[in-house]
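Asker: Could you work out the structure for the sequence below:
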Amino acid sequence: MSERTSGTPEPAKRHGNSGFLSRLGLSRPELRAWAMYDWAVSAVQTTIMVAVFPIYFVDIAKSDLPESRATQALAAANTIVAVVLAVLSPVLGAMSDYVAAKKRMLGASMLVGAAAVAGMFFVQRGDYQLALVLFVISLIGATASTVFYDALLPHIASEDEIDRVSSAGYAVGYVGGGVLLALNLAWILKPGWFGLPSGSGLSDAAATLPTRLALLSVAVWWVVFSVPLFLRVPEPPRTREPDETNGGNVFLASFVRLGETFRALRAYKQAFLMLLAFMVYNDGIQTIQKMATAYGKEEIGIGNSVLISAMLIVQFVGFPFAFLFGSIAGRIGAKRAIFIGLVVYTVISILGFYMRTAGHFILLAAMVATVQGGTQALSRSLFASLVPTHKSGEFFGFYSVFEKFASIFGPLLFWVTIATTGSSRNAILSVILFFVIGALILSRVKVTEGQQAARAGDEGLISPAAV
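Answerer: Alright, predicted model coming up:
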């Protein structure tokens, strides 16, 4: 029996729920528990990666660094994270498949990242080196955990629901990250309402306490809301190739499987093309996402409250649009729906070049919200449908590699542009190239052919009982 079939619910259970949750892709407990991890980890993206931490770093932690050097340091930190994960992700993915430990490795990554986030509570004025180290570790933990999280998707969702389930995860994540960010914004801007120090004449420790508590809250949120996944989502059983031997060193075996999977990419041409397309257009998406706050603050002079409010708009506008993209994909296919997202991103890049006011920034944030979650969710589900399920960890390890390499070039472009011109405005316009080239590569992906190759790759496996 194909692992793609055996790893998902029986057809009677799969299609028996025709209610509202079924249409959203959240009809079963394991699907809802899986989506809740997006709710948990999205707080890292909103508060740590995009909104509160970058502002805190630029205002407090950087000490005497010039404004442009602070943004440059954040871009360099993002580049370091991308390089480390590009090296580790495929190895960890192969290991999670070999020992059937996706959930355990997800948990370990989550705990390391959450510990680093909790440590940000102790960052005070001038502690920019400590802040950057904790920032790097937290992002490595969060992003590594999503490798295993993504690899669970094809094991719990059938082919006809995978787009909706993936989109639902992003939608739930928007709400989770947005709710915590709204709470963070409230006690940062109105600390007196919550019994926190406020007013003038405060010491640095007292003045920064609301923001440091916001950073600490991310660690608590991340850990607490990860619990449903560990309770409800089953660990996919290990299956081995017919020529795979038992025993041996797990690290050596993982590297062997990794090499086999890398060579097997030639047999999964459509999956490989999808990876190339994703690497290119996701570079543009990640660049806009990671550098928007620092860009708005330094290049345009937008205030902190407006920046964080814009991020809130992204979260809550993104929620319904992520579900909408899942519905659109059901009608026209994931590939065409992704094209729609890339067209909108191209328009955003052009408008971003001419952005001058806080109103412009908020408008563009709302535009980003309409396509960000849907485009990334459908990229994940489309790729999942093009690879054999029993090697999902390994293939999503490569997916993460391509994603991280995409994350290298955008921030690196900002870093180089700032170093050479003192301005990052031109870099915003150049992001269009990522969307155009990515769309051209995506147009060559033959989805049906790729899905047939993936199903064929799941045939002839040795079942766990035979191992």
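Asker: Give me the contacts around stretch 109-118.
Answerer: The contact list for stretch 109-118 (Cβ atoms under 8 Å, 6 or more residues apart in numbering) reads 41, 44, 48, 134-135, 137-142, 144-145, 148, 215-216, 218-219, 222-223, 226. (Glycine included, C-beta is placed from N, CA and C.)
Asker: Alpha carbons of that stretch, in PDB - could you do that?
Answerer: Provided in PDB are the C-alpha atoms of stretch 109-118 (Å, rounded to 0.1, in the frame of the first residue of the first chain):
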ATOM      1  CA  SER A 109      14.100  22.900  18.000                       C
ATOM      2  CA  MET A 110      11.100  24.700  19.700                       C
ATOM      3  CA  LEU A 111      12.700  24.500  23.200                       C
ATOM      4  CA  VAL A 112      16.000  25.800  22.000                       C
ATOM      5  CA  GLY A 113      14.400  28.700  20.200                       C
ATOM      6  CA  ALA A 114      12.000  29.500  23.100                       C
ATOM      7  CA  ALA A 115      14.900  29.600  25.500                       C
ATOM      8  CA  ALA A 116      16.700  32.200  23.300                       C
ATOM      9  CA  VAL A 117      13.600  34.300  23.100                       C
ATOM     10  CA  ALA A 118      13.100  34.200  26.900                       C
END
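Asker: what pLDDT does Lys269 get?
Answerer: We have a pLDDT of 88 for Lys269.
Asker: List the contacts of it.
Answerer: 450, 453.
Asker: one more time with 10 Å, if that's ok
Answerer: Applying Cβ atoms under 10 Å, 6 or more residues apart in numbering, we find Lys269 in contact with 386, 444-446, 449-450, 453.
Asker: Kindly report the same for Arg212.
Answerer: Applying Cβ under 10 Å, 6+ apart to Arg212 gives the contacts 52, 56, 60, 120-124, 205.
Asker: rewinding a little: among the contacts of Lys269, who's most crowded?
Answerer: Leu386 (25 neighbours; other Cβ atoms under 10 Å).
Asker: quick one: that residue from Lys446, how far?
Answerer: Distance of Leu386 to Lys446, given as Cβ to Cβ, to the nearest Å: 10 Å.
Asker: and the longest helix for the protein?
Answerer: helix 67-98 (DSSP state H).
Asker: same for that one, what does it pack against?
Answerer: Helix 67-98 is packed against helix 52-56, helix 102-119, helix 128-156, helix 250-264, helix 269-295, helix 392-421, with contacts defined by 3 or more Cβ pairs under 10 Å, 6 or more residues apart in numbering; DSSP states H and E.
Asker: Any stretches of the stretch 201-350 of the chain with poor pLDDT?
Answerer: The model of the stretch 201-350 of the chain has pLDDT under 70 over residues 239-262, 264-266, 290, 293-294, 297-299.
Asker: again, 50 this time
Answerer: Within the stretch 201-350 of the chain, the segments meeting pLDDT under 50 span 245-246.
Asker: Same check on the stretch 351-467 of the chain?
Answerer: 462-467.
Asker: switch to 80 and redo it
Answerer: Scanning the stretch 351-467 of the chain for pLDDT under 80 picks out 353, 390-394, 397-398, 400-430, 457-467.
Asker: Where do the helices of it begin and end?
Answerer: Assigned helices in the stretch 351-467 of the chain, in chain order: 358-384, 392-421, 425-430, 432-442, 447-457 (criterion: DSSP state H, counting those that start in this stretch).
Asker: Turn the ones you listed into TSV, including distance to Ala114.
Answerer: Listed next are the helices of the stretch 351-467 of the chain as TSV, based on distance: least, Cβ to Cβ, whole Å:
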stretch	distance to Ala114
helix 358-384	23
helix 392-421	19
helix 425-430	32
helix 432-442	31
helix 447-457	34
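Asker: Of all the residues in stretch 170-187, which ones are buried?
Answerer: 170-182, 184-185, 187 (16 or more other Cβ atoms under 10 Å).
Asker: again, but for stretch 84-104
Answerer: Buried residues in stretch 84-104, defined by neighbour count with 16+ other Cβ under 10 Å: 84-86, 88-98, 101-103.
Asker: Buried ones from the contacts of stretch 109-118, can you make that a ChimeraX selection?
Answerer: When burial is assessed using 16+ other Cβ under 10 Å, the buried subset of the contacts of stretch 109-118 is captured in ChimeraX by this command:
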select :41,44,48,134,135,137,138,139,140,141,142,144,145,148,215,216,218,219,222,223,226
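Asker: With only the CA atoms kept, save the strand or helix carrying Asp38 in CSV.
Answerer: Assigned by DSSP states H and E, Asp38 belongs to helix 29-43. Extracted C-alpha coordinates of helix 29-43, given in CSV (Å, rounded to 0.1, in the frame of the first residue of the first chain):
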residue,chain,number,x,y,z
PRO,A,29,-8.6,16.9,15.6
GLU,A,30,-5.1,16.2,14.2
LEU,A,31,-5.6,18.9,11.5
ARG,A,32,-6.6,21.5,14.1
ALA,A,33,-3.8,20.5,16.4
TRP,A,34,-1.3,20.7,13.5
ALA,A,35,-2.6,24.2,12.6
MET,A,36,-2.2,25.3,16.2
TYR,A,37,1.6,25.1,15.9
ASP,A,38,1.3,27.8,13.3
TRP,A,39,-0.6,29.8,15.9
ALA,A,40,2.2,29.2,18.4
VAL,A,41,5.3,29.8,16.2
SER,A,42,3.8,32.8,14.3
ALA,A,43,4.4,34.9,17.4
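Asker: ok, and the closest non-adjacent residue to Ala168?
Answerer: Once flanking residues are discounted, Ala168 sits nearest to Gly25: 4.0 Å by Cβ to Cβ, 6 or more residues apart in numbering.
Asker: Count the residues that sit near that neighbour.
Answerer: Neighbours of Gly25 (other Cβ under 10 Å): 28.
Asker: Would you mind measuring from it to Ala43?
Answerer: Counting by Cβ to Cβ, the gap from Gly25 to Ala43 is 22 Å.
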